[in-house]
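Novice: give me a model of this one.
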Amino acid sequence: MSSNHHEASTPNKRHKQESPANHYFSYIISIVLTMLAFAIVLYGDLDRSFVLIFIVTLAIVQALIQLFFWMHAKERGHMFPLIFLGGGAFVALTGVITAVYWMWW
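Specialist: From the prediction side, this is the model:
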């Protein structure tokens with residue numbers, strides 16, 4: 001008998017086939033969020049700080065939707081890419097905060 005007997009008896013793991021409905025759903029949600037952002041700017045009579053907070057919130061929600069549906073962050077085995085994305089977001093946020101602090105004070 002060969003030493004690879006255990007490997008030959010284990011079944012191959014296949015990726016779960018994802019339906020296109022998830023992609024359609026996320027695409028429609030992204031379009032709706034973009035339309036909301038345009039509509040809030042076109043309305044024009046709202047407080048500037050509210051518009052800014054609203055648009056940033058929509059951008060964060062849209063980024064999360066794309067991260068989980070298009071980049072498959074919800075699947076198993078994607079922990080290292082998520083860690084590196086989080087590290088990159090931390091570095092970018094630190095850079096933005098530093099630039100804002102440097103320019104305004």
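
Novice: show me what the helix or strand harbouring F54 packs onto, helices and strands only.
Specialist: Using DSSP states H and E, F54 falls within helix 48-69. Judged by 3 or more Cβ pairs under 8 Å, 6 or more residues apart in numbering; DSSP states H and E, helix 48-69 is in contact with helix 20-43. All C-beta atoms are positioned from the backbone trio N, CA, C, and that covers glycine.

Novice: quick one: buried residues of the helix it packs on?
Specialist: S26, S30, L33, A37 (16 or more other Cβ atoms under 10 Å).

Novice: likewise for stretch 61-71?
Specialist: Q62, I65, F69.

Novice: what does stretch 25-32 contact?
Specialist: Contacts of stretch 25-32 with the rest of the structure, by Cβ atoms under 8 Å, 6 or more residues apart in numbering, involve Q62, I65, Q66, F69, W70.

Novice: closest one to V91 out of these, please.
Specialist: Q66 (20.0 Å; Cβ to Cβ).

Novice: between the helix or strand that contains L82 and helix 48-69, how many degrees?
Specialist: Assigned by DSSP H and E, L82 belongs to helix 79-104. Orientation check (axes from the mean of the first three to the mean of the last three Cα atoms, to 10 degrees): helix 79-104 against helix 48-69 gives 160 degrees.

Novice: quick one: mean pLDDT for helix 79-104?
Specialist: Helix 79-104 carries an average pLDDT of 88.

Novice: which of the buried residues of stretch 61-71 has the weakest pLDDT?
Specialist: Comparing those by pLDDT, F69 comes last, at 77.
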